[in-house]
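Trainee: This is a predicted model, with the sequence first.
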Amino acid sequence: MISRWKDVPVGVAAMCAGVFILMSLSAAAQDTRQVTEPKIPESCVQLPAQLRAMNNLLAPADESKLDTERIQHALDTCKPGMAVELKPASGNNAFLSGPLEMRTGVTLLVDEGVTLFGSRDAKLYEMKGEGVTPGLCGTIATGIPTVFPAPQRQLKTRGGCRPFISVMDAKDVGIMGNGVIDGRGYAKILGKDYSWWEMARKAEPQNQRYFTPRMIVASHADGLTLYRITLHNSTNYHVSVNNTDGFTAWDVHLQTPTTKGMDARNTDGIDPGSSTNITIAHSWIDNGDDNIAIKTGVTHMSVLDNHFYDGHGMSIGSETYTGDSNLLVDGLTEDHTTSGIRIKSNVTRGGLVHDLVYQNICMKDVANPIAISPYYTNQTTEGFVDPKYVGDRIPDYKAITIRNVLDTTPGNVLLAGLDDAHTTEIMLDGVRVEGITPAQVHGRFATVALGPRGTNLDFSGTTIKVIPFKGVAGGETGFGCDGRFVPMQ
């Protein structure tokens with residue numbers, strides 16, 4: 001149910017009467033499938049490694065020794081329900097490939113001790129087809145205005161890079177194993193004096209468009225499963241999934257950059273869009289942008305028992321113009337992310353976002369523990385004032401529940417709607433940010449209903465409307481973060 005919070009809305013009346021039932025809301029706000037731990041299928045073929053990486057690096061002489069053809073042939077001929085297995089052999093531990101295309105029912109299985117490296121040759125990733133401009137992959141576009149917030153859908157140029165691994169119109173695909181897929185975003189592009197990541201950063205000051213492969217891109221890929229796989233050093237987004245019903249990421253280990261101190265711009269972790277029935281569970285994400293970014297058109301998604309490290313947090317947006325709904329985030333630990341719970345959009349790309357439940361979340365050293373904002377300006381963290389963009393895609397945030405959240409260090413909180421007609425509506429129950437001051441709490445055009453355990457956030461310096469809990473207030477939640485902060489795995 002989406003309330004518009006006029007006078008005393010139904011949801012708030014229930015809360016104030018002490019009969020707000022979180023269990024029913026949680027049951028609705030999640031993947032509707034019965035998701036269990038995936039199983040690795042039997043192999044249709046075992047491909048032995050023919051290259052040897054030392055210290056996770058390939059020798060320059062190996063750059064021409066591509067495994068693309070034999071891996072793709074195996075994927076094309078494998079029986080559905082079985083796996084193409086990449087295995088170590090005779091001391092060799094590496095494969096080198098250009099773009100690969102998955103087939104229906106087939107799993108790519110990367111064994112422990114094996115790394116599948118992406119080629120540094122931009123020409124291999126070039127998009128093909130009628131009307132495509134050649135030679136764009138690995139370059140920054142010139143003469144194309146992309147000043148934010150102008151949406152990139154207005155751009156006319158066609159071309160760029162294909163993904164490293166594509167799952168297009170292919171169902172029940174798996175990418176599994178205890179091995180590694182490494183995009184080598186740190187490495188110089190062949191024939192260039194810059195790496196993929198250096199190109200991305202060079203394009204940032206003028207917000208120029210640049211062309212780089214994503215690691216895994218899926219569309220119309222119902223039943224896609226990532227299981228136990230490790231993803232390293234993607235050149236851009238790691239996992240992008242669209243137009244898909246049923247996507248599971250379970251025990252995925254995602255780290256970019258693997259060498260701390262390196263700069264890996266726009267290396268989002270897992271980004272679903274225009275999809276339904278999604279579960280991301282028991283995974284570890286440490287990367288150079290949003291750990292998870294839910295794009296527009298996502299419904300019925302569960303994010304369960306995950307650990308985030310470097311990155312921009314648990315995000316929705318910035319595109320929300322076709323709406324997002326029915327999200328459950330439960331059991332999340334965030335350690336040094338820039339944001340914790342983050343919803344970001346603006347009037348050029350916003351829409352209705354509703355029925356979200358965030359619960360049992362631990363944070364530390366998070367700059368913005370909660371940031372619910374219609375003020376997105378393409379920055380790492382949200383500003384606290386309206387940038388006055390002009391547009392008709394209005395962010396509207398409703399029916400958001402945040403429960404049992406503990407941040408052990410102080411940070412800024414922003415709860416904002418756009419205007420009186422688009423107020424943000426949120427319930428806080430057992431939400432605590434240790435050491436936070438009233439000056440660190442920001443917001444306007446928002447209504448906060450307090451659950452029985454309330455919050456230590458002080459809204460007195462804002463224009464946020466606070467509706468106290470009118471039932472029997474609860475005591476301590478019993479929720480704590482002891483033992484929750486563990487090293488990246």
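Mentor: Noted; the coordinates are in hand. Small disclaimer: the values here were computed from a predicted structure and weren't measured. Numbering: from 1, shown residues only.

Trainee: Show the average pLDDT along stretch 213-229.
Mentor: For stretch 213-229, mean pLDDT rounds to 98.

Trainee: tell me which residues in that stretch are buried?
Mentor: For stretch 213-229, burial by neighbour count (16 or more other Cβ atoms under 10 Å) applies to 213-219, 221-229. For glycine as for every other residue, the C-beta is placed from the backbone atoms N, C-alpha and C.

Trainee: Could you single out the nearest of those residues to Asp121?
Mentor: Proximity of the buried residues of stretch 213-229 to Asp121 (Cβ to Cβ) peaks at Pro213, which lies at 10.9 Å.

Trainee: got the contact list for Pro163?
Mentor: Contact analysis of Pro163 by Cβ atoms under 8 Å, 6 or more residues apart in numbering lists Pro99, Tyr125, Pro213, Arg214, Met215, Ile216, Val217, Ser240.

Trainee: Then Lys344?
Mentor: Counting by Cβ under 8 Å, 6+ apart, Lys344 makes contact with Ser315, Ile316, Gly317, Ser318, Ala371, Ser373, Tyr376, Glu382.

Trainee: repeat for Phe459
Mentor: Going by Cβ under 8 Å, 6+ apart, Phe459 touches Val441, Gly443, Val448, Val466.

Trainee: want to throw the contacts of Pro163 into a markdown table with distance to Leu51 and secondary structure?
Mentor: Listed next are these as a markdown table, based on distance: Cβ to Cβ, whole Å; DSSP: H, G, I helix; E, B strand; the rest coil:
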| residue | distance to Leu51 | secondary structure |
| --- | --- | --- |
| Pro99 | 18 | coil |
| Tyr125 | 20 | helix |
| Pro213 | 20 | coil |
| Arg214 | 24 | coil |
| Met215 | 19 | coil |
| Ile216 | 22 | strand |
| Val217 | 25 | strand |
| Ser240 | 28 | strand |
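
Trainee: Of those, which is the nearest to Pro80?
Mentor: Using Cβ to Cβ, the contacts of Pro163 come closest to Pro80 at Ile216, 19.5 Å.

Trainee: Is the closest one bridged to anything, and to what?
Mentor: On the basis of DSSP bridges, Ile216 is bridged to Ile165, Val239.

Trainee: close enough to count as contact, it and Met168?
Mentor: No: shown here, Ile216 and Met168 do not form a contact pair, counting by Cβ atoms under 8 Å, at 11.4 Å.

Trainee: can you list the weak-confidence ranges in this structure?
Mentor: Within the chain, the set of residues satisfying pLDDT under 70 comprises 1-29, 143-157, 475-477.

Trainee: Spell out for me which residue occupies the centre of it.
Mentor: Using Cα atoms, centre = their mean, the residue of the chain that lies closest to the mean C-alpha position is Ile292, 1.9 Å off.

Trainee: who does the longest helix that the chain contains touch, helix- and strand-wise?
Mentor: Counting residues, the longest helix in the chain under DSSP state H turns out to be helix 68-77. On a contact count with 3 or more Cβ pairs under 8 Å, 6 or more residues apart in numbering; DSSP states H and E, helix 68-77 meets strand 43-48, strand 83-87, strand 94-97, strand 100-101.

Trainee: switch to 10 Å and redo it
Mentor: Here helix 68-77 touches strand 43-48, strand 83-87, strand 94-97, strand 100-101, strand 107-110, going by 3 or more Cβ pairs under 10 Å, 6 or more residues apart in numbering; DSSP states H and E.

Trainee: what do Ile216 and Met168 both touch?
Mentor: Met102 (Cβ atoms under 10 Å, 6 or more residues apart in numbering).

Trainee: picking up where we left off before, which ones are touching the closest residue in space to the residue nearest to the centre of the chain that isn't next to it in sequence?
Mentor: Once flanking residues are discounted, Ile292 sits nearest to Ile270: 5.2 Å by Cβ to Cβ, 6 or more residues apart in numbering. By Cβ under 10 Å, 6+ apart, the contact set of Ile270 is 216, 226, 231, 237-241, 247, 249, 252, 254, 278, 280, 283, 285, 287, 290-294, 303, 306.

Trainee: Where strands are concerned, which of these count?
Mentor: Applying DSSP state E to these, the entries found in strands are 216, 226, 231, 239-241, 247, 249, 254, 278, 280, 285, 292-294, 303.

Trainee: Kindly indicate which of these lies nearest Val353.
Mentor: Proximity of the ones in strands among the contacts of Ile270 to Val353 (Cβ to Cβ) peaks at Ile294, which lies at 9.0 Å.

Trainee: Tell me what the closest one is bridged to.
Mentor: Beta-bridge partners of Ile294, as defined by DSSP bridges: Ile316.

Trainee: quick one: it and Gly273 touch, right?
Mentor: Yes: if you go by Cβ atoms under 10 Å, Ile294 and Gly273 touch, sitting 7.5 Å apart.

Trainee: When the two are compared, which one has more neighbours?
Mentor: More crowded of Ile294 and Gly273, by other Cβ atoms under 10 Å: Ile294, with 27 against 19.

Trainee: Could you tell me which residues make contact with that one?
Mentor: By Cβ under 10 Å, 6+ apart, the neighbours of Ile294 are 270-273, 275, 278, 301, 303, 314-317, 319-320, 324, 327, 343, 353, 356.

Trainee: same thing but at 8 Å, please
Mentor: For Ile294, counting by Cβ under 8 Å, 6+ apart, the contacting residues are Asp271, Pro272, Gly273, Met301, Ser315, Ile316, Gly317, Asp324, Leu327.

Trainee: What does the third one show for phi and psi?
Mentor: In other words, Gly273. Main-chain torsions, Gly273, degrees, to the nearest 10: phi -150, psi 150.

Trainee: Out of the contacts of Phe459, which sit inside strands?
Mentor: Among those, the members falling in strands (DSSP E) are Val441, Gly443, Val448, Val466.

Trainee: Present these as JSON lines; the columns should include distance to Thr36 and neighbour count.
Mentor: Converted to JSON lines, the ones in strands among the contacts of Phe459 look like this (distance: Cβ to Cβ, whole Å; neighbours: other Cβ atoms under 10 Å):
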{"residue": "Val441", "distance to Thr36": "41", "neighbour count": "22"}
{"residue": "Gly443", "distance to Thr36": "40", "neighbour count": "23"}
{"residue": "Val448", "distance to Thr36": "37", "neighbour count": "23"}
{"residue": "Val466", "distance to Thr36": "41", "neighbour count": "17"}
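
Trainee: Can you tell me which of these lies closest to Trp196?
Mentor: Of all the ones in strands among the contacts of Phe459, the one with the least separation from Trp196 (Cβ to Cβ) is Gly443, at 38.2 Å.

Trainee: Quick check: that closest one touching Asn412?
Mentor: No: assessed by Cβ under 8 Å, Gly443 is found out of contact with Asn412, at 10.6 Å.

Trainee: so Trp298 touches Asp271, yeah?
Mentor: Let me fix one detail, which is that residue 298 is Val and not Trp. No: the pair Val298 / Asp271 is not scored as a contact, 9.7 Å apart, by Cβ under 8 Å.

Trainee: And those two? Which one has more around it.
Mentor: Val298 (26 against 21).

Trainee: From Ser275, how far off is that one?
Mentor: According to Cβ to Cβ, to the nearest Å, Val298 and Ser275 sit 6 Å apart.

Trainee: ends of stretch 463-483, how far apart?
Mentor: With Cα to Cα, to the nearest Å as the measure, stretch 463-483 spans 37 Å from end to end.

Trainee: wait, is Ala61 part of a helix?
Mentor: Yes: counting by DSSP: H, G, I helix; E, B strand; the rest coil, Ala61 is located in a helix.

Trainee: Just give me the neighbour total for it.
Mentor: Ala61 has 7 neighbours, counted by other Cβ under 10 Å.
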